[in-house]
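> Provide a 3D model corresponding to the input given below.
(one chain, ligands or ions: 1)
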Amino acid sequence: MVQQGTFITFEGPEGAGKTTVIMELYKRLKDGGHNVMMTREPGGIRIAEKIREVILDNRHQEMDAKTEALLYAAARRQHLAEKVIPALAEGSIILCDRFVDSSLAYQGYARGLGMDEVLSINEFAIGEMMPDLTVFFDIDPEVGLARISNNDTREQNRLDNESIQFHHKVYEGYQELILRYPNRIVTTDASLSEAEVTENVWKIICSQLIK
Ligand code: TMP
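Numbers count the residues shown, from 1 in each chain. The predicted structure follows:
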C-alpha cells in the first residue's frame, strides 16, 4: 500500500489542552478544503472505545501493568486497521489525540515496564506505521492536573487518579522520547493561552503539510 495521507499525533500529560486545539485545527483544515479526520486513542471506533472503558474504569484497580499495555496496543491495532490506515490510503490528514508515544511514556516509563519492551509489543500492533509528525504539548503535570480537576465536565478516570509522582514520570518519559525522536516530535508550550497554543500548533502543522 502506498501511504498518501499525513498522520499527525498529539501527545502530552493530562490537562494539556490537546482536545480543544485539535478541534480548532480540524475546523481550519476542513474549511481550507482538506480531507481531514479527527480521532483519538484509546478509542475512535466501537471496539477500541469498549477497550477504553475497560482500561479507564476506576473500579479496575487490580489491572496488571502488562495487561494495561496490551489492552492499549489492542485498541491501537483495531483503530489503525479499521480507521487510520484506510483514511491514509485515501489521502486524508489524520489528527490523532495520542498514539504509541503515550504507551511508551505511561506504560513503558511511568509504570516501569521499559520503553523498549512496550515498543516491541506495539510493533506487533502497528508494524512500521509511525506518525509523520507528533506535537508534544508541554505542560507541568501539576498545572495540567489542576486544569482537569477544575473542569466539571470531565470525569476523572483511573489514569488521571494516579499519584502525582506517576504523572511526573510520564512527563520524564516524554522528555526521553523527545530526545529519541528529534525529527518527528515537535514541542509546543501548552502553558500559554488556548488561542496562542492553537496558533503555534497551526504553524507547526502548516510547515509539515508544505514539506
Ligand atoms: P485521554 O484522557 O487523553 O483521552 O487518554 C486516556 C488516558 O490513557 C490518559 O491518561 C493517557 C492514557 N494512555 C496510556 O496510558 N497509554 C496509551 O497508550 C494511551 C493511548 C493513553
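> Around the ligand, pick out the residues from the protein.
14, 40-42, 72, 98, 102-103, 106-107, 159-160 (Cβ under 6 Å from any ligand atom). No exception for glycine: its C-beta is placed from N, CA and C like everyone else's.
> In strands, which of these fall?
Judged by DSSP state E, those include Arg40 as members of strands.
> got a list of what Ala74 touches?
Ala74 sits next to 51, 125 when contact means Cβ atoms under 8 Å, 6 or more residues apart in numbering.
> Spell out the residue ranges of the strands in the protein.
With DSSP E as the criterion, the chain has strands spanning 6-11, 36-40, 93-97, 133-138, 185-189.
> Does anything pack onto the lowest-mean-pLDDT helix or strand in the chain? Which helices or strands?
Here the helix or strand of the chain ranked lowest by mean pLDDT, DSSP states H and E is helix 141-149, holding a mean of 92. Where contact means 3 or more Cβ pairs under 8 Å, 6 or more residues apart in numbering; DSSP states H and E, helix 141-149 is packed against helix 164-180.
> in the helix it packs on, what counts as buried?
167, 169-171, 173-174, 177-178 (16 or more other Cβ atoms under 10 Å).
> still on that earlier bit, same list as before, the strands of the chain that is, but in JSON lines and with mean pLDDT included.
Converted to JSON lines, these look like this (pLDDT from 0 to 100):
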{"stretch": "strand 6-11", "mean pLDDT": "98"}
{"stretch": "strand 36-40", "mean pLDDT": "98"}
{"stretch": "strand 93-97", "mean pLDDT": "98"}
{"stretch": "strand 133-138", "mean pLDDT": "98"}
{"stretch": "strand 185-189", "mean pLDDT": "98"}
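> and those strands as JSON lines, adding mean neighbour count?
JSON lines is the format used below for these (neighbours: other Cβ atoms under 10 Å):
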{"stretch": "strand 6-11", "mean neighbour count": "24"}
{"stretch": "strand 36-40", "mean neighbour count": "20"}
{"stretch": "strand 93-97", "mean neighbour count": "22"}
{"stretch": "strand 133-138", "mean neighbour count": "22"}
{"stretch": "strand 185-189", "mean neighbour count": "17"}
